[in-house]
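fold the following, please.
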Amino acid sequence: MRLPVLIVAALCGLMRAGVWAADEAKPAAADAVPALPLPAEVVKLTDVYRTELSRIAAQHAESLKALPPTYQGQLAALQKKLQSSGDLDGYLGVTKEITRFAAAIQGEADPFEKNPEMPETALVTTPEALRALQDQYLKDCKEKSDHRHKAIDDLSAAYIARLEALQIDLTKRGRINDAIAVKSEIDRLRKGVADGSLVQQALTMMAAQPAKPAASAPRDEAMASRASDWSRWECERDGNFAWEGNLFLHADLPDALSVDFDRHSGKGRIYGRSPVDHKTVDSRERSWFGKAVEWKVPDASLLNATIVLQNREVAAGQDSGPTAHLVLLDDNKGQVGEGLDIALMRRDVTLTVSHDAASGKCLLGWTEGKTRKTISLPASGPLHILLGVTVHNASEHCDTTIELR
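Prediction:
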């Protein structure tokens, strides 16, 4: 039986593809000092932190296991009660839910649903007793998730406090480089507290312990390095976007779609319906409205990523949405070379960003369409990657998940 809550499925995904580890911390600011190895004292603290995170995650997973059988027992009892009272409609409604739930907990999790085994579409209005059981199930899931979040918050607060004390001690003892490395770790965690992503950071950190390669398959260090390059991109912003002119976050852009993106896991979603097809923006008539995410890439050598788009809604053709846009920008946010504009007429679309060290150029690719754009890069300065998804006509629907690999 699969664990029934999406956050557990997400945790399993993070454990397979962890991208953030304390022993690989990098300063994010462009003028920060070069990355320094963490001192042995921090490695010991981090080991304890990870151990405790594993314990919290295991307890959470174990607590979730009791929810499905408890709910199924309640359904069976309610079914029997309704049969005894002669309520045929109620009996049939509960019977239908018994069948649906049994299939849901055995099937694959739907990444578009917060609670895949209890989606909003499964909630009933009658019989009222059945809806009460469904509401209680969702409440129990939330309470267990909240309990785990609080445990991680408390653990992380204690971890930060120990790091702060260690930073002071190292500074007093003249171990300045070590103190700087500790400060970088503290700043990372404090940022997570400020933007509300601390729990996600902590789970990713726990998942980031790499598995040992098999003896028959030696580790390809170059490939491993390229695969993790995107995790060193700085996710700067997300918001309203128009394909025409690559307008991003302009004050007059319509709020056409919604965007949810987690900068630490590299996963997100752009979805919704566009209320308009044309609007005057920046003194020109514009179309193709949606949302975009932008990253700052500190060095051209880090221009390596695979971006997987999964589309619940597909485009009917080149002149309808949804459509994906992948653009390279310079440090002044001017477009560099030709970007990719891909009508999302497939359920799965794979985009690639790669740096060719030999030529010093960047390649933007669309795997399924066998399309590649070669871009000459500026001589110096950081670069920016912009990924947008738009729709063309009013009332067009978009539901696209994003995953960086």
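
make it CA atoms for all contacts and neighbour counts henceforth
Fine.

does Glu368 touch Thr352 like I think?
No: Glu368 is not in contact with Thr352 according to CA atoms under 8 Å; the separation is 10.8 Å.

which one's more surrounded, the two?
Thr352 (19 against 11; other CA atoms under 10 Å).

isn't that one up against Trp366?
Yes: counting by CA under 8 Å, Thr352 does reach Trp366; the two are 6.4 Å apart.

looks to me like Asp341 is in a helix.
No: using DSSP: H, G, I helix; E, B strand; the rest coil, the assignment for Asp341 is strand, not a helix.

give the burial count for it, as a bare number.
Neighbours of Asp341 (other CA under 10 Å): 16.

then Ala66?
11.

contacts only, for Trp288.
Going by CA atoms under 8 Å, 6 or more residues apart in numbering, Trp288 touches 242-244, 277-278, 390-393.

ok, now with 6 Å
Neighbour list for Trp288: 242-243, 390-392 [criterion: CA atoms under 6 Å, 6 or more residues apart in numbering].

ok, and the closest non-adjacent residue to it?
Leaving aside its sequence neighbours, Trp288 sits nearest to His392 (CA to CA, 6 or more residues apart in numbering; 4.4 Å).

the one you found: how many residues sit nearby?
24.

now Ala194
9.

which element is it on?
helix 176-195 (DSSP states H and E).

may I have that helix as CSV, with CA atoms only?
Taking C-alpha atoms only, helix 176-195 is exported to CSV below (Å, rounded to 0.1, in the frame of the first residue of the first chain):
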residue,chain,number,x,y,z
ILE,A,176,38.1,32.9,10.3
ASN,A,177,37.6,30.8,7.2
ASP,A,178,35.8,28.2,9.2
ALA,A,179,33.7,30.8,10.8
ILE,A,180,32.8,32.2,7.3
ALA,A,181,31.8,28.7,6.2
VAL,A,182,29.6,28.3,9.2
LYS,A,183,28.0,31.7,8.6
SER,A,184,27.1,30.6,5.0
GLU,A,185,25.3,27.6,6.5
ILE,A,186,23.5,29.8,9.0
ASP,A,187,22.4,32.3,6.3
ARG,A,188,21.0,29.5,4.2
LEU,A,189,18.8,28.3,7.1
ARG,A,190,17.8,31.8,8.1
LYS,A,191,16.7,32.5,4.6
GLY,A,192,14.5,29.4,4.8
VAL,A,193,12.9,30.8,8.0
ALA,A,194,12.3,34.1,6.3
ASP,A,195,10.7,32.8,3.1
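
pLDDT (mean, whole number) over it?
Taken as a whole, helix 176-195 carries a mean pLDDT of 83.

who does that helix touch, helix- and strand-wise?
In terms of contacts (3 or more CA pairs under 6 Å, 6 or more residues apart in numbering; DSSP states H and E), helix 176-195 is packed against helix 128-172.

elements contacting the helix it packs on?
Counting by 3+ CA pairs under 6 Å, 6+ apart, helix 128-172 packs on helix 176-195.

could you dump the contacts of Trp288 into JSON lines with secondary structure, pLDDT and distance to Leu88 added?
Putting those into JSON lines (DSSP: H, G, I helix; E, B strand; the rest coil; pLDDT from 0 to 100; distance: CA to CA, whole Å) gives the following:
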{"residue": "Ala242", "secondary structure": "strand", "pLDDT": "88", "distance to Leu88": "54"}
{"residue": "Trp243", "secondary structure": "coil", "pLDDT": "82", "distance to Leu88": "55"}
{"residue": "Thr390", "secondary structure": "strand", "pLDDT": "93", "distance to Leu88": "48"}
{"residue": "Val391", "secondary structure": "strand", "pLDDT": "92", "distance to Leu88": "46"}
{"residue": "His392", "secondary structure": "coil", "pLDDT": "87", "distance to Leu88": "48"}
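
format those as a markdown table; extra columns: distance to Ser156.
Listed next are the contacts of Trp288 as a markdown table, based on distance: CA to CA, whole Å:
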| residue | distance to Ser156 |
| --- | --- |
| Ala242 | 40 |
| Trp243 | 41 |
| Thr390 | 38 |
| Val391 | 41 |
| His392 | 45 |
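
and which of those residues is nearest to Thr46?
Thr390 (42.0 Å; CA to CA).

what helix or strand does the residue lying closest to that closest one once chain neighbours are set aside sit in?
Closest residue to Thr390 apart from its sequence neighbours, by CA to CA, 6+ apart: Gly290 at 4.0 Å. Per DSSP H and E: Gly290 is located in strand 289-297.

show me what that strand pairs with in its sheet, parallel or antiparallel.
strand 234-242 (antiparallel), strand 383-391 (antiparallel) (DSSP bridges).

residues making contact with the last one?
Meaning strand 383-391. 288-297, 321-331.

distance from the chain centre to that strand, please.
16 Å (CA atoms, centre = their mean, to the nearest Å).

and after it, which helix or strand comes next?
Following strand 383-391 in sequence, per DSSP H and E, is strand 397-404.

just want the angle from that next one to strand 383-391.
For strand 397-404 against strand 383-391, the angle by axes from the mean of the first three to the mean of the last three CA atoms, to 10 degrees is 150 degrees.

by contact count, what packs against strand 397-404?
strand 267-273, strand 305-311.

now those strands in a markdown table, with mean pLDDT and distance to Arg131?
Shown next, in a markdown table, are the helices and strands packed on strand 397-404 (pLDDT from 0 to 100; distance: least, CA to CA, whole Å):
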| stretch | mean pLDDT | distance to Arg131 |
| --- | --- | --- |
| strand 267-273 | 90 | 27 |
| strand 305-311 | 92 | 31 |
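
how about TSV for those, with mean neighbour count and distance to Asp260 added?
TSV is the format used below for the helices and strands packed on strand 397-404 (neighbours: other CA atoms under 10 Å; distance: least, CA to CA, whole Å):
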stretch	mean neighbour count	distance to Asp260
strand 267-273	20	5
strand 305-311	20	14
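
in a markdown table, list those along with distance to Arg173.
Output for the helices and strands packed on strand 397-404, formatted as a markdown table (distance: least, CA to CA, whole Å):
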| stretch | distance to Arg173 |
| --- | --- |
| strand 267-273 | 42 |
| strand 305-311 | 41 |
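
now do the contacts for the residue nearest the centre of the chain.
Geometric centre of the chain, nearest residue: Lys267, 2.4 Å, by CA atoms, centre = their mean. Applying CA under 6 Å, 6+ apart to Lys267 gives the contacts 261, 402-403.
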